[in-house]
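Engineer: can you look at this prediction? I've put the sequence above it.
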Amino acid sequence: MNIAIVGTGYVGLVSGACFAETGATVTCVDVDCAKIAALRKGIIPIYEPGLDELVVKNINAGRLKFSTSLAEVLNDQQIVFTAVGTPPDEDGSADLKYVLQVAKTIGENLNRYLVVVTKSTVPVGTSHKIADTIKAELKKRGVDVAFDVASNPEFLKEGNAIKDFMSPDRVVIGVDSERAKNILTKLYKPFLLNNFRVIFMDIPSAEMTKYAANSMLATRISFMNDIANLCELVGADVNKVRAGIGSDTRIGRKFLYAGCGYGGSCFPKDVKALIKTADDNGYSLEVLKAVEKVNERQKEVLFKKLVKAFDGELKGKSVALWGLAFKPETDDMRESTALVVIKKLLNAGCKVQAYDPEAMNECRRIIGDKIEYYENKYDALQNVDALILLTEWKEFRLPDWNVVANKMHRKLILDGRNIFDNDDLAEHGFEYHCIGK
Ligand code: UDX
């Protein structure tokens with residue numbers, strides 16, 4: 001089977017490499033010539049565990065190719081996936097210009113039947129807009145070529161993307177034609193060996209599923225963060241409450257971790273976009289509006305704790321940050337809590353000394369050299385008045401507390417991900433604050 005994937009971002013590249021791994025011949029397309037040239041040499045623009053090996057392996061096997069022109073490769077394909085960006089507009093709605101540009105190119109060049117599948121997270125109704133755009137272009141050319149559109153939202157998590165793709169909990173596909181359904185069933189057949197389910201549904205429901213899933217997960221996090229803040233006020237411990245409620249199978253144990261707020265490329269963007277879709281349809285999603293508000297407030301919780309610890313006297317203090325990425329195993333800093341904390345610290349006149357195993361280049365790209373970057377976690381602690389942990393990378397979990405204590409000027413630790421042990425820290429003379437207890 002020949003498939004093309006347009007957009008070599010996170011979703012596109014992972015999907016391309018994984019489909020190639022199952023035996024399909026995949027062409028990944030991107031307008032960014034430099035990116036494509038690098039990819040052809042097996043150089044991957046993002047950090048994702050296992051991705052570089054998989055890409056190189058499939059390039060060498062001749063199953064994974066790259067192109068800068070969809071028009072050139074289009075008529076060799078049975079399926080084209082769009083995995084281009086849908087950045088939020090100023091009003092929070094998803095900007096569809098890249099998605100519709102792909103549709104236009106397809107309409108301008110299509111000569112044989114094709115299934116056009118949307119993998120980018122797009123608002124309900126977009127697949128129909130894609131179909132209309134393709135039809136309009138075909139009409140301009142005066143040709144009559146059959147095609148189908150489908151929606152196949154992606155649920156992969158950064159840092160775990162290959163595993164999520166190869167052994168998904170489920171695959172959701174929205175289709176409105178038997179022909180497209182048969183082709184997509186064939187494409188996903190190799191995965192069926194792993195006993196997961198393909199859930200077919202209508203196109204709008206598939207489009208909605210992605211937003212509803214991410215919004216539900218974001219809701220769980222904001223809910224737990226709200227409960228955590230209340231736990232602090234009433235003397236309860238959110239970790240115990242989490243264990244207590246998570247053992248109810250209706251609630252489940254996952255995604256109940258209180259922390260310093262959710263970030264990333266999906267939750268903040270998708271929650272905003274769904275609120276906007278509802279507003280546009282004359283309905284107000286009150287729960288999601290609160291989810292967003294709670295998350296914005298939560299990103300400031302650690303800074304507020306710091307202000308309290310120093311009685312408001314932060315000017316001239318040095319603060320170490322462990323972790324910059326929005327979560328471990330990625331160098332992605334989109335909507336990361338670190339960006340909020342850094343801004344607040346700099347505005348308050350603090351010096352910031354940061355370390356992250358993967359995200360320091362990305363941080364430098366976004367904010368430049370306003371903060372100091374260190375090559376290892378201990379060096380970043382030299383003479384600081386506080387350490388704030390923002391991302392729960394494995395290497396932060398069991399530090400040598402003697403080394404930490406010797407480096408720090410004031411032994412104050414603010415743990416935004418609840419990974420340290422209070423007793424352990426008290427033994428070493430640290431003052432310790434975390435979330436929700
Ligand atoms: C998410 C969805 O999980 C995925 O299905 C979708 O396709 C894209 O969005 P991702 O953004 O990679 O994936 O990250 P995820 O692991 O879900 O974490 C998102 C944020 O929530 C992170 O900032 C993380 O720290 C935070 N989080 C997660 C919590 O604060 N508590 C939790 O219990 C879980």
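Structural biologist: Great, that's in hand.
Engineer: looking at G174 now. What's its pLDDT?
Structural biologist: pLDDT for G174: 98.
Engineer: next, it: phi, psi?
Structural biologist: phi -100, psi 120 (degrees, to the nearest 10).
Engineer: same question for V117.
Structural biologist: According to degrees, to the nearest 10, V117 has phi -110, psi 130.
Engineer: so for the strand or helix carrying V307, what's the average pLDDT?
Structural biologist: Assigned by DSSP states H and E, V307 belongs to helix 301-309. Averaging pLDDT along helix 301-309 gives 98.
Engineer: return the set of buried residues in it.
Structural biologist: When burial is assessed from 16 or more other C-beta atoms under 10 Å, helix 301-309 yields the following buried residues: V301, L302, F303, K305, L306, A309. Any C-beta I mention is one placed from the backbone N, CA and C, and that applies to glycine too.
Engineer: just to be sure, E335 is in a strand?
Structural biologist: No. Assigned with DSSP: H, G, I helix; E, B strand; the rest coil, E335 falls outside any strand and is coil.
Engineer: just give me the neighbour total for it.
Structural biologist: Neighbour count for E335, taken as other C-beta atoms under 10 Å: 19.
Engineer: what's the answer for G349, then?
Structural biologist: The local packing of G349 (other C-beta under 10 Å) involves 11 other residues.
Engineer: what about K157, which SS state?
Structural biologist: Look at K157: counting by three-state DSSP, its state is coil.
Engineer: same question for R253.
Structural biologist: When classified by three-state DSSP, R253 comes out as coil.
Engineer: and the gap between it and R220?
Structural biologist: Using C-beta to C-beta, to the nearest Å, we find R253 at a distance of 11 Å from R220.
Engineer: where do the helices sit along the stretch 301-437 of the chain?
Structural biologist: Shown for the stretch 301-437 of the chain, the helices assigned by DSSP state H, counting those that start in this stretch span residues 301-309, 337-347, 360-367, 401-407, 422-427.
Engineer: in the last one, what's buried?
Structural biologist: Read that as helix 422-427. Within helix 422-427, the residues that count as buried by 16+ other C-beta under 10 Å are N422, L425.
Engineer: so which elements touch that helix?
Structural biologist: helix 401-407, strand 431-433 (3 or more C-beta pairs under 8 Å, 6 or more residues apart in numbering; DSSP states H and E).
Engineer: got a list of contacts for it?
Structural biologist: Applying C-beta atoms under 8 Å, 6 or more residues apart in numbering, the contact partners of helix 422-427 are W401, I413, Y432, C434.
Engineer: change it to 10 Å
Structural biologist: For helix 422-427, contacts defined as C-beta atoms under 10 Å, 6 or more residues apart in numbering pick out 237, 398, 401, 404-405, 411, 413, 415, 421, 430-434, 437.
Engineer: strands of this structure, start to end?
Structural biologist: Using DSSP state E, the strands of the chain run over residues 2-6, 25-29, 64-67, 79-82, 114-118, 147-151, 170-175, 197-201, 318-322, 351-355, 372-373, 386-389, 412-415, 431-433.
Engineer: so what pLDDT did S93 get?
Structural biologist: pLDDT recorded at S93 is 82.
Engineer: surely it meets A278?
Structural biologist: No. Applying C-beta atoms under 10 Å as the test, S93 and A278 come out as separate, 11.1 Å apart.
Engineer: the two: which is more packed in?
Structural biologist: In terms of neighbours (other C-beta under 10 Å), S93 is the more surrounded of S93 and A278; the figures are 18 against 15.
Engineer: before we move on, back to that, looking at R253 and R220, which one has more neighbours?
Structural biologist: Between R253 and R220, counting by other C-beta under 10 Å, R220 is the more crowded of the two (18 against 13).
Engineer: ok, the residue lying closest to that one once chain neighbours are set aside - how many residues close by?
Structural biologist: Of all residues beyond its chain neighbours, the one nearest R220 is F255 (4.7 Å), with distances taken as C-beta to C-beta, 6 or more residues apart in numbering. Counted with other C-beta under 10 Å, the neighbours of F255 add up to 14.
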